[in-house]
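Undergrad: Quick one, fold the following:
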Amino acid sequence: MTPHSVFLRKDCVLPQPLDPLTESVGENWTRVEEITSAVFDTMIRQKGWHFMQVDHPCTRKGLGLTEKNAARRALARALGAVGRRFNAAELIDVQATRYPGFYVARVTLQPRQIQQYTWLEISGDWHQLAVPVR
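TA: Purely as a prediction, here's the structure:
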């Protein structure tokens, strides 16, 4: 795991013809291989889409007999904690601490959203979507 790796929900829609090489991470996520979040952001924006940071980072811990196992468990817990409304996440940090006989890893993810439109672009009549105050 390297900082600024990008994770995509398996149902994430990307602009065509963008089809990066990915590897499965658990049952609902994939990791974009060999592309950092900054490069991926540029690729998305070149297609006219948006790769937005829209929420607070999510940090989770995991335990394991090896550093790798602890990090994998922490990553699984962090991905599981990313709100369902987000279709991507960026790995911000991985830290592991060794204790006698086991490791504790801490993973921090930044939830991200990939979409074609920003809120203001969805409708030129956005003011009509507001609920009137009575």
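
Undergrad: Only C-alpha atoms from now on, for both contacts and neighbour counts.
TA: Fine.

Undergrad: mind listing what's buried in the longest strand along the chain?
TA: Counting residues, the longest strand found in the chain (DSSP state E) is strand 102-115. Within strand 102-115, the residues that count as buried by 16 or more other CA atoms under 10 Å are 103-115.

Undergrad: right, and residue 12 touches residue 86 too?
TA: No. Assessed by CA atoms under 8 Å, residue 12 is found out of contact with residue 86, at 9.1 Å.

Undergrad: Neighbour count: these two, which is higher?
TA: Using other CA atoms under 10 Å, the more surrounded residue of residue 12 and residue 86 is residue 86, with 18 against 15.

Undergrad: So for the spatially closest residue to that one that is not a sequence neighbour, what's the pLDDT?
TA: Of all residues not flanking residue 86 in the chain, residue 113 sits nearest, at 5.2 Å (CA to CA, 6 or more residues apart in numbering). The model reports residue 113 with a pLDDT of 94.

Undergrad: Paired strands for the longest strand of the chain, with orientation please.
TA: strand 50-53 (antiparallel), strand 58-64 (antiparallel), strand 88-99 (antiparallel) (DSSP bridges).
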